[in-house]
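Colleague: This is the structure alone, sequence omitted:
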């Protein structure tokens with residue numbers, strides 16, 4: 001009962017926020033409902049539930065832009081959406097390696113089990129290109145160098161997580177998962193510096 005009440009409160013709060021936005025954003029938000037509803041069952045039928053999470057969780061990249069502008073500009077939002085999805089796939093796959101033995105016993109699926117220990121690092125190393133996708137949208141902006149510098153730091157951070165991850169050490173993997181909490185600050189500084197065009201941060 002408590003969980004049901006909590007879920008109802010969260011859904012009601014989300015709906016109240018969504019209805020304050022423009023019509024286009026309301027429609028876009030409603031379009032995410034199949035993803036949201038199916039995600040809790042993803043580990044039962046999808047060999048890539050971490051990808052499912054990325055596609056669902058990062059819908060906000062599309063919705064936020066639409067809320068601000070009234071439209072979805074694919075040249076801006078799709079690279080950002082793809083990059084954020086790749087990032088989620090990376091950090092949640094590392095996290096999933098902590099649970100792979102239990103998941104296997106329970107018959108659940110995960111990208112950690114799908115890739116296995118041998119293929120995880122080579123596959124996840126490709127997610128270092130995910131910052132390059134939003135970077136493509138920034139070259140036309142004046143004062144973009146601080147933002148690009150923050151993306152370079154972001155990419156280096158992703159590379160460190162993959163290279164230094166011990167796929168059979170839960171403590172090591174947990175620390176790398178938690179390190180993603182700092183990414184927002186790195187990017188925020190880059191965005192703010194580019195917006196304000198502060199030469200000292202270039």
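Modeller: Received, thanks. All of these numbers come straight from a predicted model, not from anything done at the bench.
Colleague: switch to C-alpha atoms for all contacts and neighbour counts from now on
Modeller: Noted.
Colleague: Give me the helix or strand of this structure that scores worst on average pLDDT.
Modeller: Using mean pLDDT, DSSP states H and E, helix 132-135 stands out as the lowest-scoring helix or strand of the chain, at a mean of 58.
Colleague: right, and the helix or strand after it?
Modeller: helix 145-164 (DSSP states H and E).
Colleague: Okay, buried residues for that following helix please.
Modeller: For helix 145-164, burial by neighbour count (16 or more other CA atoms under 10 Å) applies to 145-155, 157-159, 161-162.
Colleague: now swap in stretch 103-115 and tell me
Modeller: 103, 108-113, 115.
Colleague: now swap in stretch 30-47 and tell me
Modeller: Quick answer for stretch 30-47 (16+ other CA under 10 Å): 32, 35, 39, 42-43, 46-47.
Colleague: Which of the residues you listed sits closest to residue 61?
Modeller: Nearest to residue 61 among these, counting by CA to CA, is residue 32 at 12.1 Å.
Colleague: Just the pLDDT for the nearest residue to residue 150 once chain neighbours are set aside.
Modeller: Nearest residue to residue 150, sequence neighbours excluded (CA to CA, 6 or more residues apart in numbering): residue 190, at 5.1 Å. For residue 190, the pLDDT comes out at 86.
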